[in-house]
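> following is a predicted model, sequence given first.
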Amino acid sequence: MADVELVKKMLRAVLQANKSGVSLSRLQTEYKELTGEQIPHKHMGHNQLDALLASMPSVVRMERNRTGEVCGANETAHIAKVVARQRSSKKTGRPHLVNTQMRVKPAAPLVLNGKIKLITTAINCIQYKNVSKCDNSSRSHNRANKISIVCYVIHMYVISSFFSMFFFSNLPAPMNLNESFGSGKGKPYNPQQVQGRIKEILGKYSNGFWVSKLPQIYRELYKQELPTEAIKDLENWTHICTVEKTCSSNPSELLLYPAKEQNTTSSPSPIHNPNPTTAPTSNTPTDKPLQSPAHPDLKQKLEELLVKYSNGLWAHALPKLFQDTYKTKLPGHVLENLDLLSDICTIDYPMPDNPKRAILYRRCSAGGGGGEDENCNRRNSSTSEEEMRMRKELGRRLSNHAVPSLQIPKEEYPSVLVVEATNTNGVILRYIGEGYSQAQESMEDEMREFYGLDQSSPTPLASPASGQLVAVRAEEEEEILRAQVCEVMTDKVKVYYVDHGFSEVISKTKVFELHEKFFKLPFQATKCKLAGLEPFCQEPAVLKKFETMASGRILLAEILERRQTPLVVLYDTSQDDDVNINAACRKGLQDKTLASPLQVQEDAYMNVTVSSVCSDGTIYCQLPSRGLAKMNEILENIETYFHSQVTSEFLVSRPFCGKGCLARYKGKWSRVEITNLHGSRVLDILFIDVGVQASVEVIELREIPPPFLRDLMAIPPQAVKCCLADLAVSIGSWNPDAVQWLREKVLNTTDCSMKVAKVDETKHCIYVHLFTDKNFHDSTRSLNHQMAQSDLFKQQPDVFLTSHRGGNTTSSSPPETPSSPSSPSSPTSLLQLPPLLELPPTGNNIDVYVSVACHPGHFVLQPWRDMYKLVVLMGEMILYYNKTEEKPLNIEKNQIYAAKVDNNWHRVLVKGVLTNGLVSVYELDYGRHELVSCTQLRALIKEFRQLPFQGITAQLAGVKPRQWSEEASIVFRNHVEKKPLVAQLEAVQEATNPWDRRLTVFLVDTSQEERDIWVHDIMAEFAEELTNEL
């Protein structure tokens, strides 16, 4: 029986963190995120969760919103409910139940479907005076003063997760929030690159500007932080700029002008570089001019590629991509002199110790032009201004009040209510949540009161005009809604409900003047475009499928592009597995007559090709069919077509889950579907016609050419999922030996035969008897019979892995190699460990991300500055290990390996080995403990042992060590876990192994403009309250 009081405490902590209440589905999600398990309502004697919550009136108040959804709220907090009102597209009707049983879309640790919005605000540097007058009795106040004295502050808002923002995004890791430009240890950087950029900036600001303004301008233009050491080096770059001191004694008050004399034939002044041995240097000598610029035609082609890959393009990938796209070789000098491309792209070096690993980003305003500040968001701002103009014109006929434009939610995955769609390029929907559906409901309640429906009826509008904004009493419902007049008839008016997205013809007596105070809320009905369905936006089969799966339902929307009509992918998360609505609608185009014709019958299917054998025993087969023949013919035509095209048009620039495109399989183009994204560069794909999964870079994908798109979309996947029938071992329990045996038997055979035993519709699987020849009448010749009679599925002895030399190992493990460690407790005897993570001196501040928070005495930090390097590393690990064959390992305790966890490869430390083949590992970059199969471990190669381990164990300073209660731990977790914070280093406890280092830090949340939140103050107060209660 579950501990009732403990469950109550955990529920109370979750509800306290949700001031606006929470739906039951969301309550389950947050409870599991905090405790690691579902709410145990069945163990506590209740069949349904709401029954359990109803039995705890002292903890939670249960209410139903207008959609019928059950919501829970903290009983002591009287809060407003978040509601979404569903209306029919034919009439307003009464609110009815909407499917809201949703969960947050799960995500891989690398991608974690969310992003960070960085809003950089420049503030004046405050002089820290009269320190002696501070109240020394309050240590936290002194620290708060220190953390507030900065030259600029970056406010960060984390929505769900944020790693994908750094995977080749244009935003590098920000500088320390509390680091001044004149201080800090020098970091390696490329001086030639910075000099060229500063020279370009001075060309736009020929009258000079303050040096303190340079970092902000640099950041806006190049989407990167100006290296701290470059500020110090400005005075030495006399060939680039002139630094002039003012009469003020403040050293930060310097003026920057273009160089007084710029002579292109003279040698530039020597460059001061504090770290000449580690800083990457340009291949172009500094004592002579650069080579002649790249040919304009070459630059144009390179710019086309950069436009396609707006999130950045690795320089080392250019030659192959250039060759494939333009059928000609990239000149070799381009990679040797990347600075030749500085006028069309910016160059970033994510690995300062390896200057050859560069990422190229297209400039927002290639070609320059001078004068005004360049603003990458100018296009967005013009769109916003145009939209505002339209809004103003819309309301002009009635009053001078303009309705503000609707802002897209900051979340990457907002909840939406789908109204209807007559075109997938213009799906009408409404955003759900605070500031949207809640604000709309509040406004409509206020309208109801203002127009006095409960007392006396207002005077109808005398002469409504087409295009006018009005207040309307909805048909068959005593509610007042905002609407726009579409058409005026004799005694009726056709109106469009601007907050609900549908039209209706009503009597003129129900139309009233809209008061000015109801112009403040943006129109809530808006449109979006479904990604991947653009060519079939009005296809009846697509719209019918969409109507069935999405209309009138609350879904999750992944926003791919934020524009006036956002580009989205919709997900139904109400089922056990997420359903990609876009992909499901695309499948509505398939011609079922072209599918593989498998059914139970006496005769066998001949000339079967087994295209894939999965590690769980599942096989994928291709059968001769009309669809397979037609698909092969189309793919051959595409091969010819690509050879004749010299264009970048078919490069995939916007990958997303469920997208259909092409990739190479055994040297030929084949159809694939994107199944998972690891940032914007690395992704997982499924070859849908052979059943093979792979991890590739986005540059390896191609769009399906328009002439072949419709025909190819009509052909269903030709790989049929099958399982061998009559085997004692179920799917998922196959051992590696059995899988390898079957692969050797069937993968190189093209004339297998097959008899269908059973079709399981629920599991979408067909059970078959498989033969490698045409003797299917003799069941003893089937591979099923051979495997059942062999020792492949005989009971294996329990796997016993140990770190001791004399212990037993798995029978499949090879003898130890000479490089095996002599002392298992010393990991350095086997592998050279990465260097230790550099830390600032005690008392300094670090920008960090808290990846794991157990309680104030134990949490894990990741330094913010190098986060993008970790994302780059993990992308490389995915590409490397997903393409390498599984090799048996002699797994030993206290050694480091690469391990596959949730479709991502991590650097791990083996903490323990179990007798059932599972291994307990510790993720060295994230601080999480996981159990994985021993088959999911690989040797960690040298290339992946260069970056220091990014996870650092820490404890909170400013609070007394104690045994923290579960309730206190949850409160701490809610405030710090998966959030970017500032850590003030109090002490460092060094250790022999990097994962045993321990920090003592103060944690500060600086996301609020008005004040800094010191976490130790919150925990001290919470601990005191608990003590008083006891």
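Received, thanks.
> next one: P834 from R928, what distance?
For P834, the distance to R928 equals 19 Å [CB to CB, to the nearest Å]. Where C-beta positions appear, they are placed from N, C-alpha and C, glycine not excepted.
> which outside residues touch stretch 851-864?
By CB atoms under 8 Å, 6 or more residues apart in numbering, the surrounding residues in contact with stretch 851-864 are 173-174, 176, 837, 846-850, 870, 925-928, 950-956, 959, 961-962, 964, 968-969, 972-973, 976-978, 980, 983, 999, 1001, 1015-1016, 1019.
> give me the buried subset of those residues.
For the contacts of stretch 851-864, burial is judged from neighbour counts taken by 16 or more other CB atoms under 10 Å, and it is met by 173-174, 176, 837, 846-850, 870, 925-928, 950-956, 959, 964, 968-969, 972-973, 976-978, 980, 983, 999, 1001, 1015-1016, 1019.
> for P40, give me the pLDDT.
P40 carries a pLDDT value of 85.
> that one: neighbouring residues, count only.
Look at P40: counted by other CB atoms under 10 Å, it has 17 neighbours.
> that one: which element?
Under the criterion DSSP states H and E, no helix or strand holds P40.
> out of the contacts of stretch 851-864, list just those in helices.
Counted as lying in helices by DSSP state H, out of the contacts of stretch 851-864, are 870, 968-969, 972-973, 976, 1015-1016, 1019.
> mind checking pLDDT for F708?
Looking at F708, its pLDDT is 95.
> can you give me the buried ones in stretch 660-668?
Burial within stretch 660-668, assessed by neighbour count using 16+ other CB under 10 Å, is assigned to 660-665.
> farthest pair within those?
Farthest apart among the buried residues of stretch 660-668 by CB to CB are G660 and R664. That separation is 15.6 Å.
> low-confidence stretches in the stretch 101-250 of the chain?
Along the stretch 101-250 of the chain, the parts satisfying pLDDT under 70 run over 101-188, 206-207, 245-250.
> same check, this time on the stretch 251-400 of the chain
In the predicted model, the stretch 251-400 of the chain carries pLDDT under 70 at residues 251-253, 260-294, 350-356, 364-400.
> one more time with 50
Counting by pLDDT under 50, the ranges of the stretch 251-400 of the chain that qualify are 251-252, 262-292, 366-384, 387, 390-400.
> so where do the helices sit in the stretch 651-800 of the chain?
In chain order, the stretch 651-800 of the chain shows helices spanning 706-713, 736-746, 783-789, with DSSP state H, counting those that start in this stretch as the criterion.
> can I get those helices in CSV with mean neighbour count and distance to Q323?
Listed next are those as CSV, based on neighbours: other CB atoms under 10 Å; distance: least, CB to CB, whole Å:
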stretch, mean neighbour count, distance to Q323
helix 706-713, 15, 23
helix 736-746, 17, 34
helix 783-789, 18, 43
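> of the ones you listed, give the one that comes closest to Y496.
The stretch from the helices of the stretch 651-800 of the chain with the least distance to Y496 (CB to CB) is helix 706-713; that distance is 33.8 Å.
> chain center to that closest one, what's the gap?
On the basis of CA atoms, centre = their mean, to the nearest Å, helix 706-713 is displaced by 30 Å from the centre of the chain it belongs to.
> only C-alpha atoms, please: export that helix in PDB.
Output of helix 706-713 as PDB, limited to C-alpha atoms (Å, rounded to 0.1, in the frame of the first residue of the first chain):
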ATOM      1  CA  PRO A 706       7.900  17.800 -58.000                       C
ATOM      2  CA  PRO A 707       7.500  15.800 -61.300                       C
ATOM      3  CA  PHE A 708       7.600  12.500 -59.300                       C
ATOM      4  CA  LEU A 709       6.200  13.600 -56.000                       C
ATOM      5  CA  ARG A 710       2.500  12.700 -56.500                       C
ATOM      6  CA  ASP A 711       3.200   9.300 -58.000                       C
ATOM      7  CA  LEU A 712       5.700   8.400 -55.300                       C
ATOM      8  CA  MET A 713       3.400   9.500 -52.500                       C
END
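> quick check: which helices or strands does that helix pack against?
Based on contacts counted as 3 or more CB pairs under 8 Å, 6 or more residues apart in numbering; DSSP states H and E, the elements that helix 706-713 packs against are helix 626-644.
> can you tell me what sits against the helix it packs on?
With contact meaning CB under 8 Å, 6+ apart, helix 626-644 is reached by 591, 593-596, 622, 650, 662, 668-671, 689, 702, 704-705, 707-708, 711-712, 715-716, 718.
> likewise for stretch 317-332?
Outside stretch 317-332, the residues that touch it by CB under 8 Å, 6+ apart are 294, 298, 301-302, 305, 313, 334-335, 360, 646-648, 651, 697, 699.
> at 7 Å instead, please
Applying CB atoms under 7 Å, 6 or more residues apart in numbering, the contact partners of stretch 317-332 are 298, 301, 305, 335, 646, 648, 651, 699.
> going by distance to K517, which of those residues wins?
If you rank the contacts of stretch 317-332 by distance to K517 using CB to CB, L651 comes first, at 50.6 Å.
> hey, where'd the strands end up in the stretch 351-500 of the chain?
Defined through DSSP state E, counting those that start in this stretch, the strands belonging to the stretch 351-500 of the chain, from first to last, are 359-362, 415-420, 427-431, 469-473, 480-488, 492-497.
> same check, this time on the stretch 501-650 of the chain
When secondary structure is read from DSSP E, counting those that start in this stretch, the stretch 501-650 of the chain shows strands at 502-507, 511-513, 526-530, 554-561, 567-572, 579-580, 605-613, 619-622.
> out of those strands, which is closest to K232?
Across the strands of the stretch 501-650 of the chain, the minimum distance to K232, taken as CB to CB, is reached by strand 554-561, at 40.4 Å.
> elements contacting the closest one?
Judged by 3 or more CB pairs under 7 Å, 6 or more residues apart in numbering; DSSP states H and E, strand 554-561 is in contact with strand 415-420, strand 567-572.
> make it 10 Å
strand 415-420, strand 427-431, strand 526-530, strand 567-572, helix 581-587 (3 or more CB pairs under 10 Å, 6 or more residues apart in numbering; DSSP states H and E).
> residues of it that come out buried?
Quick answer for strand 554-561 (16+ other CB under 10 Å): 554-560.
> CA atoms of it as PDB?
C-alpha atoms of strand 554-561 as PDB (Å, rounded to 0.1, in the frame of the first residue of the first chain):
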ATOM      1  CA  ILE A 554      -6.800  19.900 -28.800                       C
ATOM      2  CA  LEU A 555      -3.400  18.900 -30.200                       C
ATOM      3  CA  LEU A 556       0.200  19.800 -29.700                       C
ATOM      4  CA  ALA A 557       1.700  22.000 -32.300                       C
ATOM      5  CA  GLU A 558       5.500  22.000 -33.100                       C
ATOM      6  CA  ILE A 559       6.300  25.400 -34.500                       C
ATOM      7  CA  LEU A 560       8.900  25.000 -37.300                       C
ATOM      8  CA  GLU A 561       8.900  28.600 -38.600                       C
END
